[in-house]
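Engineer: okay, predicted coordinates and the sequence, questions at the end:
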Amino acid sequence: MNLWLALTSRIGTSLTAIGLALLLISLLPSSSSGSSSQIGTQIQAGTYTANLFEQIMSPQQSATLTVTSDTPIDVYLVEVSSSFLYQWIYSHSGTNGKYYNNNVTYLKSFLGNFTQSIAYSQKATLSFNYQYTPTKITNATLIISNTSSSPANVQANWKVSQQVAPASRVATLADWSIPVGLVLAIPWFIDLYQRRIRKPTTGANMSA
Amino acid sequence: MAKIQKGKGRPFVELFASALNEDYRFPLLEIFCFLYAIGAFIFAGFRFGLGGPSASGDAVAYGLTSSLLGFPLFIFVVLILKNVAFGLGNDLEKGIVQTFFSYPIKRRWILSAKLLSAVGVGLVPFVGILTAGMYVLAPDVVGPHIGIVLLTFTASLSEPLLVAGIVLLVTLLLKRGALALVLGIVTYFALAIVQGIVSVIAAFTNNVTGLQILSLISPSLIEGRYFSEQSTGPFFGPTTSWSPNFTDVLSYTAGSYIIVATVFLLGYMYLSRRLNL
């Protein structure tokens, strides 16, 4: 068998082995022992809250966030702590000495300055459902903003689960690496098959 | 000139291909790739950063990389020691090496072809799969701090490479691989035990001389100390007399590779000038 063909085939079989390992990893279920909570609250018109969900998360954790409301609301998941948010608003927006000023105008000003920190957002929604897996160690804070003229009755659920690796990303890699590896290994399989055919038959078979 | 180079290159490639075939028989390479890929996720952990946002990005990257260097590093050590001891040992024992000596290339190139297969090719899936696995897990940790990730690999690989160099020397001296392999594995574990003892002595007596000497063999010690002090304060209780900086980490790592290179050079010199069959 040609040296380069043999090398390509071995790269293919190795890639298939890596793909199978990734497939196995993606099938591992996430641990259900993580923290969870359910909170019901009312958000006044023209205000926001950043105190419902806040946690330091690693890429081996995944947060499932569900928010329902009777009035359209804006929901943001930001990669900063709520204390950082309030501190920034307090020091930049002249909140008349009020540390926890929750006027949406101040929130918009903050979000305008920290667009890169917004992991996910959904505007004017009655139902928000998102699974968040960070790509670094980061703070994750859920912000719910009520820009309408009437109060919003909000129900928020969150659940943090532990995982070995982000299953969707690993599964995608496995989906690619296994077929590519198998294609690269085809010459090796053909060579193996041909060697089996060429193999001399045993004495017992010959006499038969 | 080109013809001469081509003439010299061909036997080297043939030797390298033969060594590859011997060292990585199907499905050995595939099994190791599978184990590295599994290990890249199963053993990954975030040592720094979860306690609060104070840990630097470098420390988080170091913590993630060093978390992977337990079991995967051990299986890498087993692979390269097996390749060096059995690959070369079998050739010496069975007299195959005499056939290699009849090739129109110098002895040092024969050893280079064997080592490139035994250690060099073994390194590619080890570093490649673990780094790619970490990138899939935490792209924003690995991407911006790839230098720290590679430095951590470099520092951690110095000790296994030193043991591989010792195994090479012993294999050449004894002309058999099994005993050299056992000696290599014993040396690897003995170094781990000595590191533990010296660290405890340093913690209780405030005498870090042993730790500094050992860091020349295993620079991952000084690197761990540097990043731990960066993230969580003093590493060993009252031991505050030695707070390495980043230049120290680089210097000790370079020093350890000088020792590794010296051991391999001795192996090359012995094969080129002293080895009689």
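Structural biologist: Sure thing, it's come through. Numbers count the residues shown, from 1 in each chain, chains lettered A, B, ... in the order given.
Engineer: residue in the stretch 101-250 of chain B nearest to chain A?
Structural biologist: B:D140 (3.7 Å; CB to the nearest CB). Quick note: C-beta positions are derived from backbone N, CA and C, even for glycine.
Engineer: ramachandran coordinates for the residue lying closest to that residue once chain neighbours are set aside?
Structural biologist: Nearest non-adjacent residue to B:D140, counting by CB to CB, 6 or more residues apart in numbering or on different chains: A:K136, 3.7 Å away. Dihedral angles phi and psi of A:K136 (degrees, to the nearest 10) take the values phi -160, psi 180.
Engineer: ok, A:K136 - contacts?
Structural biologist: Residues in contact with A:K136 (CB atoms under 8 Å, 6 or more residues apart in numbering or on different chains) are A:P59, B:V60, B:A138, B:P139, B:D140, B:V141.
Engineer: B:P144 now?
Structural biologist: Applying CB under 8 Å, 6+ apart, the residues near B:P144 are B:G57.
Engineer: quick check, it in a helix?
Structural biologist: No - counting by DSSP: H, G, I helix; E, B strand; the rest coil, B:P144 is not part of a helix but coil.
Engineer: give me the pLDDT value at it.
Structural biologist: The score at B:P144 is 95. That number is its pLDDT.
Engineer: next, give phi and psi for it.
Structural biologist: Note on B:P144: its backbone torsions stand at phi -70, psi -10 [degrees, to the nearest 10].
Engineer: same check on B:F43?
Structural biologist: According to degrees, to the nearest 10, B:F43 has phi -90, psi 0.
Engineer: partner strands of the top strand by length along chain A, with direction?
Structural biologist: Criterion DSSP state E: the longest strand present in chain A is strand A:61-78. Strands that pair with strand A:61-78, judged by DSSP bridges, come out as strand A:118-132 (antiparallel), strand A:138-146 (antiparallel), strand A:152-162 (antiparallel).
Engineer: please identify the deepest-packed of those strands.
Structural biologist: Burial of the strands paired with strand A:61-78 is given as mean neighbour count (mean count of other CB atoms under 10 Å in any protein chain shown); strand A:138-146 ranks first at a mean of 23.
Engineer: coming back round to it: hmm, A:T135 and the residue of the stretch 101-250 of chain B closest to chain A touching each other?
Structural biologist: Yes - under the criterion of CB atoms under 8 Å, B:D140 makes contact with A:T135 at 4.3 Å.
Engineer: show me where the chain has helices.
Structural biologist: Using chain A. For chain A, the helices defined by DSSP state H cover A:3-27, A:82-92, A:104-113, A:167-184, A:186-198, A:203-207.
Engineer: my question was about chain B, not that one.
Structural biologist: Under DSSP H, chain B gives helices at B:2-23, B:28-42, B:57-67, B:71-82, B:89-94, B:96-101, B:107-115, B:121-137, B:139-142, B:146-174, B:177-205, B:209-217, B:220-232, B:246-269.
Engineer: save the ones you listed as a markdown table, and put in distance to A:I73 and mean neighbour count too.
Structural biologist: A markdown table is the format used below for those (distance: least, CB to CB, whole Å; neighbours: other CB atoms under 10 Å in any protein chain shown):
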| stretch | distance to A:I73 | mean neighbour count |
| --- | --- | --- |
| helix B:2-23 | 62 | 14 |
| helix B:28-42 | 37 | 22 |
| helix B:57-67 | 34 | 23 |
| helix B:71-82 | 47 | 21 |
| helix B:89-94 | 71 | 18 |
| helix B:96-101 | 75 | 15 |
| helix B:107-115 | 65 | 20 |
| helix B:121-137 | 33 | 20 |
| helix B:139-142 | 29 | 20 |
| helix B:146-174 | 40 | 22 |
| helix B:177-205 | 55 | 16 |
| helix B:209-217 | 56 | 18 |
| helix B:220-232 | 39 | 21 |
| helix B:246-269 | 48 | 16 |
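Engineer: so which of those is nearest A:A45?
Structural biologist: helix B:139-142 (36.8 Å; CB to CB).
Engineer: centroid residue for chain A?
Structural biologist: The structure's chain A has its C-alpha centroid closest to A:T133; by CA atoms, centre = their mean the separation is 3.1 Å.
Engineer: still on that earlier bit, output the strands paired with strand A:61-78 as CSV; include the columns mean pLDDT.
Structural biologist: Putting the strands paired with strand A:61-78 into CSV (pLDDT from 0 to 100) gives the following:
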stretch, mean pLDDT
strand A:118-132, 94
strand A:138-146, 95
strand A:152-162, 94
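Engineer: tell me which of these sits nearest to A:I186.
Structural biologist: strand A:118-132 (37.9 Å).
Engineer: run the chain-centre distance for that closest one.
Structural biologist: 14 Å (CA atoms, centre = their mean, to the nearest Å).
Engineer: kindly report the same for stretch B:128-135.
Structural biologist: Taking CA atoms, centre = their mean, one finds stretch B:128-135 lying 17 Å from the centre of the chain it belongs to.
Engineer: please apply the same query to stretch A:173-185.
Structural biologist: 24 Å.
Engineer: how about it as CSV, C-alpha atoms only?
Structural biologist: Extracted in CSV, the C-alpha atoms of stretch A:173-185 (Å, rounded to 0.1, in the frame of the first residue of the first chain):
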residue,chain,number,x,y,z
LEU,A,173,-18.2,17.8,15.6
ALA,A,174,-18.9,14.1,15.9
ASP,A,175,-21.4,14.3,13.0
TRP,A,176,-18.7,15.7,10.8
SER,A,177,-15.6,13.8,11.9
ILE,A,178,-17.1,10.2,11.7
PRO,A,179,-18.1,10.3,8.0
VAL,A,180,-15.0,12.3,7.0
GLY,A,181,-12.8,9.8,8.9
LEU,A,182,-14.6,6.8,7.3
VAL,A,183,-14.2,8.3,3.8
LEU,A,184,-10.4,8.8,4.4
ALA,A,185,-10.1,5.3,5.7
